[in-house]
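Undergrad: The following comprises the amino acid sequence and a computationally predicted model.
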Amino acid sequence: MEVYTSYFYQVRNMNPNIVPLSTAVGDPAWYHAGLGLSCTFVDKNGVLNGMRAEPFRPGIACNGLCRGRANCASADPQTCAFLKTYRAQLDRLAPAAISQYFKSIASWYEQTYNQECKALALLFHEAPTNPCSERVVVQQWFRDNGYDIQEWRSSEVVTTRRP
């Protein structure tokens, strides 16, 4: 099973072998069918929507540190207080525990939906071209812990139809 980064817009291009997981504090309403954070559903492409990667959600220490690029005091991701605080949060995660966490999600998905989970996609609001995104910090955390995580592309995962 692979782990990728992606953004919410790309969910529409995913297939049932990919389980998207939100890393956001607030998800788009459509990601939960407008029914709140506890709602999950399978969309018209057979992709499970509404799952969240809670360990990667910015914690309370990050609150108020980011006001968006237009209102940014530093305009430099290298000196951003929000991204530094978020990285410190990730550094408290145990890579082995995260690996087990992802395996348990994949196993649950396969048992519940009778569908192979070939990949998990950690979702962010920002596009991959935006340097002011938690994605950059998450990718670096994975690399620093020996895992070469990549941005998901629609050609990355082969579709297998449900039996």
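TA: Cool, the structure landed.
Undergrad: The residue nearest the centre of the chain: what secondary structure?
TA: Nearest to the mean C-alpha position of the chain, by CA atoms, centre = their mean, lies L122 at 1.8 Å. Assigned by DSSP: H, G, I helix; E, B strand; the rest coil, the conformation of L122 is strand.
Undergrad: could you pull out the helices for the chain?
TA: Along the chain, the stretches classed as helices by DSSP state H are 81-91, 95-113, 134-144.
Undergrad: closest one to A24 among the ones you listed?
TA: Among the helices of the chain, the nearest to A24 by CB to CB is helix 134-144 (8.5 Å). Yep, even glycine has a C-beta here, placed from its N, CA and C like the rest.
Undergrad: So which bits of that closest one are buried?
TA: 134-139, 141-142 (16 or more other CB atoms under 10 Å).
Undergrad: again with stretch 15-26
TA: Counting neighbours by 16+ other CB under 10 Å, stretch 15-26 gives 15-24 as buried.
Undergrad: my guess is Q89 contacts A61, does it?
TA: Yes: the criterion here is CB atoms under 8 Å, and Q89 meets it with A61 at 6.6 Å.
Undergrad: which residues do those two both contact?
TA: Contact with both Q89 and A61 is made by no residue, according to CB atoms under 8 Å, 6 or more residues apart in numbering.
Undergrad: neighbour-wise, which of the two wins?
TA: Taking neighbours as other CB atoms under 10 Å, Q89 and A61 compare with Q89 leading, 20 against 12.
Undergrad: and the nearest residue to that one once chain neighbours are set aside, how many neighbours does it have?
TA: Once flanking residues are discounted, Q89 sits nearest to G59: 5.1 Å by CB to CB, 6 or more residues apart in numbering. Counted with other CB under 10 Å, residues neighbouring G59 total 15.
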